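*Asks:* no letters, just coordinates:
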Ligand SMILES: Cc1cc2nc3c(=O)[nH]c(=O)nc-3n(C[C@H](O)[C@H](O)[C@H](O)COP(=O)(O)OP(=O)(O)OC[C@H]3O[C@@H](n4cnc5c(N)ncnc54)[C@H](O)[C@@H]3O)c2cc1C
């Protein structure tokens, strides 16, 4: 595996101290942190609640911010082999008015683009590396809590057993983390139904766009191409339908045909995808939470990824932020003279970016998911027209790319080499065409 990134290299030294580290959770944050910390010489043990680690849910977008981490880890190639190139986000209202038009080209950074990918693909790229590196991954371990014990911290499992003591516990167990820091859970009123659906080249969908249709902000349907999970696997899209949390039970008892009519009325062209949904169980309901802790660390314990900060996926940043957190944690432990200083440094390098995106996501979410009429009116009549002006379009592209607030220089990361990623994706597409 190739490792790039200037922070450690520039200062020309390795880690100051090797720690015994437990990581809770095999999501993007936990897996990336495990690989980075192991590479730095720390002894890493992963704990995951599932017997067989697996990602839940459908697809997500890898932004230039998250790809910068994967590229620095030498993993951009395997991601490019599985993901779909996304050149823009397009959203229209029910009357055909443009409510969102956000092309990556407005970023003005070479040929950056987004990558739609199935969660399982991102997971397997990272998990194969973890297994290849011979890391200790203990599955079937649900961590309920942690306990400080002298100069060590132990994990407390669901069966009441305790682990050995670790120098540091990294909580990467996602937004529903059981290891409480005392902040509110913050469930949002809207979530979404998600399905992964197979598509062919003949299907009438745009393979390089994340497309959405809105009726005010109370209804939203979207399609995100997410590539294919392997060389002989079909191309897939993630299909999503916004739904209030308190309407989920009612939806479950509504005939599927009635719901499909509602979707079709908003976006008739997705009929071919609706035909591929045959039961309620084909869709998974995802709840969203908005919360964060100002200080993500305390004595021998640190939170990264959604366990530190989670938000609605409206801006598509969560997994990318999780990767940046993992990188920041490893860099902080390299730089800190003692553990606490390392944790303080890593949090300080990430905090502004986290706070910025928490605030912006909280501001943007009601424009796309709410019952109020004022927010979609603001979106359609002010935000969308303004975003046609070059400086605003650039700002919008920066926001979407995860680069608003300049998180990369802070962590010694560089923009990924998108010409190499594009070439690798094009080569895969042409190989698929020939076979
Ligand atoms: C519908 C939806 C769409 C999204 N779209 C995007 C997108 O386009 N782009 C984007 O960047 N982000 C997106 N996100 C957000 C993204 O999925 C999360 O931000 C990201 O997965 C966070 O990674 P994580 O590793 O912190 O946590 P998670 O991915 O939640 O991983 C947590 C891991 O910890 C394990 N675990 C949990 N509890 C315990 C326990 N008690 N003991 C042991 N193990 C435990 C879990 O099984 C899991 O393996 C989306 C989220 C949703 C719900």
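*Replies:* Everything's here; your move. Keep in mind the model is a prediction, meaning the values are calculated, not measured. Numbers count the residues shown, from 1 in each chain.
*Asks:* burial measure for residue 269, as a count.
*Replies:* 12 (other CB atoms under 10 Å). In this view, the C-beta of every residue, glycine as well, is placed from N, C-alpha and C.
*Asks:* any low-confidence regions in this protein?
*Replies:* 1-15, 109, 180-185, 435 (pLDDT under 70).
*Asks:* for it, what lies in contact range of the ligand?
*Replies:* Counting by CB under 6 Å from any ligand atom, the chain comes close to the ligand at 24-30, 47-50, 57, 60-61, 142-143, 172-174, 178, 192, 194, 286, 305-307, 313, 316-320, 322.
*Asks:* can you rerun that using 5 Å?
*Replies:* 25-29, 48-49, 60-61, 142-143, 173-174, 178, 286, 305-306, 313, 316, 318-320, 322 (CB under 5 Å from any ligand atom).
*Asks:* buried among those? Need that as a selection in PyMOL.
*Replies:* Only the buried members of these enter the following PyMOL selection, criterion being 16 or more other CB atoms under 10 Å:
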select buried, resi 25+26+27+28+29+48+49+60+61+143+173+174+178+286+305+306+313+316+318+319+320+322
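*Asks:* so which of the residues of the chain next to the ligand belong to strands?
*Replies:* Per DSSP state E, strands hold the following members of these: 60, 61, 143, 286.
*Asks:* out of those, give me the two with the largest separation.
*Replies:* Greatest spatial distance among these (CB to CB): 61 and 143, at 28.8 Å.
*Asks:* what's the first-to-last distance across stretch 230-240?
*Replies:* Stretch 230-240 has an end-to-end distance of 23 Å (CA to CA, to the nearest Å).
*Asks:* same question, stretch 379-387
*Replies:* 10 Å.
*Asks:* burial of residue 410, as a residue count?
*Replies:* Residue 410 is flanked by 17 other residues according to other CB under 10 Å.
*Asks:* residue 295: how many residues sit nearby?
*Replies:* 13.
*Asks:* am I right that it is in contact with residue 347?
*Replies:* Yes. Counting by CB atoms under 8 Å, residue 295 touches residue 347, with 6.7 Å between them.
*Asks:* would residue 128 count as being in a strand?
*Replies:* No. Per DSSP: H, G, I helix; E, B strand; the rest coil, residue 128 lies outside any strand segment and is helix.
*Asks:* on contacts alone, who are the packing partners of the helix or strand residue 67 falls within?
*Replies:* Counting by DSSP states H and E, the element that carries residue 67 is helix 64-72. Helix 64-72 sits against helix 76-82, helix 318-335, helix 407-410, helix 418-434, with contacts defined as 3 or more CB pairs under 8 Å, 6 or more residues apart in numbering; DSSP states H and E.
*Asks:* could you give the angle of the last one to helix 64-72?
*Replies:* With axes from the mean of the first three to the mean of the last three CA atoms, to 10 degrees as the criterion, the two stretches helix 418-434 and helix 64-72 enclose an angle of 80 degrees.
*Asks:* for helix 418-434, packing partners?
*Replies:* Here helix 418-434 touches helix 64-72, helix 76-82, going by 3+ CB pairs under 8 Å, 6+ apart.
*Asks:* for the stretch 151-300 of the chain, which residue gets nearest to the ligand?
*Replies:* Here the residue of the stretch 151-300 of the chain nearest the ligand is residue 174; by CB to the nearest ligand atom that distance is 2.6 Å.
*Asks:* need the contact list for that residue.
*Replies:* By CB atoms under 8 Å, 6 or more residues apart in numbering, the contact set of residue 174 is 25, 27, 305, 306, 307, 310.
*Asks:* my guess is residue 155 contacts residue 21. True?
*Replies:* No. Taking CB under 8 Å as the definition, residue 155 is not a contact partner of residue 21, at 11.7 Å.
*Asks:* now do the shared contacts for the two.
*Replies:* 166, 169.
*Asks:* and the longest helix seen in the chain, how far from the chain's centre?
*Replies:* Longest helix in the chain, counting residues (DSSP state H): helix 339-368. Between the centre of helix 339-368 and the centre of its chain there are 14 Å (CA atoms, centre = their mean, to the nearest Å).
*Asks:* tell me what it is packed against?
*Replies:* Applying 3+ CB pairs under 8 Å, 6+ apart, we find helix 339-368 packed against strand 291-292, strand 297-298, strand 301-303, strand 309-310, helix 318-335, helix 374-378, helix 407-410.
*Asks:* residue contacts, residue 383?
*Replies:* Residue 383 neighbours (CB under 8 Å, 6+ apart): residue 367.
*Asks:* give me the three-state assignment for it.
*Replies:* Secondary structure of residue 383, per three-state DSSP, is helix.
*Asks:* and the closest residue to residue 386 other than its chain neighbours, what element?
*Replies:* Of all residues not flanking residue 386 in the chain, residue 392 sits nearest, at 5.0 Å (CB to CB, 6 or more residues apart in numbering). Residue 392 belongs to helix 390-401 when assigned by DSSP H and E.
*Asks:* quick check: residue 72 touching residue 330?
*Replies:* No. Contact between residue 72 and residue 330 fails when scored by CB under 8 Å: they sit 10.6 Å apart.
*Asks:* between those two, which has more neighbouring residues?
*Replies:* Between residue 72 and residue 330, counted using other CB under 10 Å, the more crowded position is residue 330 (27 against 24).
*Asks:* excluding residues flanking it in the chain, which one is nearest the more buried one?
*Replies:* residue 36 (3.8 Å).
*Asks:* got a list of what the one you found touches?
*Replies:* With CB under 8 Å, 6+ apart, residue 36 has these contacts: 73, 326, 327, 329, 330.
*Asks:* for the residue nearest to residue 386, grab the count of nearby residues.
*Replies:* 14.
*Asks:* kindly report the same for the one 3 residues further on.
*Replies:* Residues within reach of residue 395, counting by other CB under 10 Å, total 15.
*Asks:* do residue 140 as well
*Replies:* With other CB under 10 Å as criterion, residue 140 counts 13.
*Asks:* centre-most residue in the chain?
*Replies:* residue 319 (2.0 Å; CA atoms, centre = their mean).
*Asks:* looking at it, that one is touching residue 65, isn't it?
*Replies:* No. At 10.0 Å, residue 319 does not count as touching residue 65 under the criterion of CB under 8 Å.
*Asks:* what about the helices in the stretch 101-250 of the chain?
*Replies:* For the stretch 101-250 of the chain, helices defined by DSSP state H, counting those that start in this stretch occupy the ranges 119-132, 248-253.
*Asks:* make TSV out of those helices and add mean neighbour count.
*Replies:* TSV is the format used below for the helices of the stretch 101-250 of the chain (neighbours: other CB atoms under 10 Å):
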stretch	mean neighbour count
helix 119-132	20
helix 248-253	11
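*Asks:* what's the closest of those helices to residue 148?
*Replies:* Closest approach to residue 148 among the helices of the stretch 101-250 of the chain (CB to CB): helix 119-132, 27.2 Å.
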